[in-house]
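> Based on what follows, work out the 3D shape:
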Amino acid sequence: MKKIIIALIPKSLMPFLKRVKLMIDEVLMVFFAKSALGAWFYYTFFSRQFDREHKAVLAGRAQYKDSLTNIGVSSALLRRNIHRLEKGLIMQPRRAIFAEDYILETVENFSESTHQGELCKNEWKWAADVLTEYFSIVGSSTITLKARELFEAVEPLSSDTNKSIPYPYAS
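Okay, the predicted model is just below:
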């Protein structure tokens, strides 16, 4: 349809129509940029510029959600939460109890990845070492005790003595 309309318009009129389109777009852009709802309306009805980005973000979110149950050789959730634990471990002063809002989720994911048996051995060892260190220093609460119990129920994969845990900064 668009090609038919373009074929019917005289070529000499095209530069003028492009300028008019740009002017209208600039007015719409300024008007709709004033609010989130306006921006949504503009990009829904007047511009398709970010369609690929919208699709890519949704595909990434769907892939992340799938990775929570189908862990494979790497777990984004486990890596993220282990990094968070490492940060808590090296904080000065360190809280007696920390990470309560995500430790149970982390240990559940660690346990599931162990049972599935596909997680990369280096990633598994790193997570196991950081969790072991966490449980050796964290104080007791209902959540940390439950997470510790679940963690201790996981069969160890190796007995490598080289620890993959954060070390204090030496100046």
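
> now stretch 120-133: how far from the chain's centre is it?
Here stretch 120-133 is found 20 Å from its chain centre; the criterion is C-alpha atoms, centre = their mean, to the nearest Å.

> My error: substitute stretch 34-44 in the last question.
Counting by C-alpha atoms, centre = their mean, stretch 34-44 comes out at 25 Å from the chain centroid.

> low-scoring pLDDT stretches of this structure, where are they?
The chain contains residues with pLDDT under 70 at 156-171.

> Who are the contact partners of the residue lying closest to Y102 once chain neighbours are set aside?
Nearest residue to Y102, sequence neighbours excluded (C-beta to C-beta, 6 or more residues apart in numbering): N81, at 5.3 Å. The C-beta positions use only the backbone N, C-alpha and C, and glycine is treated the same way. For N81, the contact set (C-beta atoms under 8 Å, 6 or more residues apart in numbering) comprises 102-103, 105-106, 109.

> Domain parsing of the chain, as residue ranges.
Domain assignment for the chain by automatic domain parsing gives 2-49, 64-152.

> so which of these is the most packed in?
For the domains of the chain, the largest average neighbour count (mean count of other C-beta atoms under 10 Å) is found in domain 64-152, namely a mean of 16.

> Report the separation between the two terminal residues of that domain.
By C-alpha to C-alpha, to the nearest Å, the extent of domain 64-152 from end to end equals 27 Å.

> Distance to A56 for the domains of the chain - can I get that in TSV?
As requested, those are exported to TSV (distance: least, C-beta to C-beta, whole Å):
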stretch	distance to A56
domain 2-49	13
domain 64-152	13
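
> Which one, of those domains, ends up nearest to K55?
Proximity to K55, assessed across these by C-beta to C-beta, is greatest for domain 2-49 (11.2 Å).

> can you tell me the distance between the two ends of that closest one?
Span of domain 2-49 from end to end, C-alpha to C-alpha: 18 Å.

> Then stretch 86-105?
16 Å.

> For stretch 31-45, which outside residues touch it?
28-29, 46, 49-50.

> so what's I82 up against?
106, 126-127, 130-131.

> so which of the domains of the chain gets nearest L58?
Closest of the domains of the chain to L58 is domain 64-152, at 10.6 Å (criterion: C-beta to C-beta).

> coming back round to it: secondary structure element holding the residue nearest to Y102?
For N81, the host element (DSSP states H and E) is helix 76-90.
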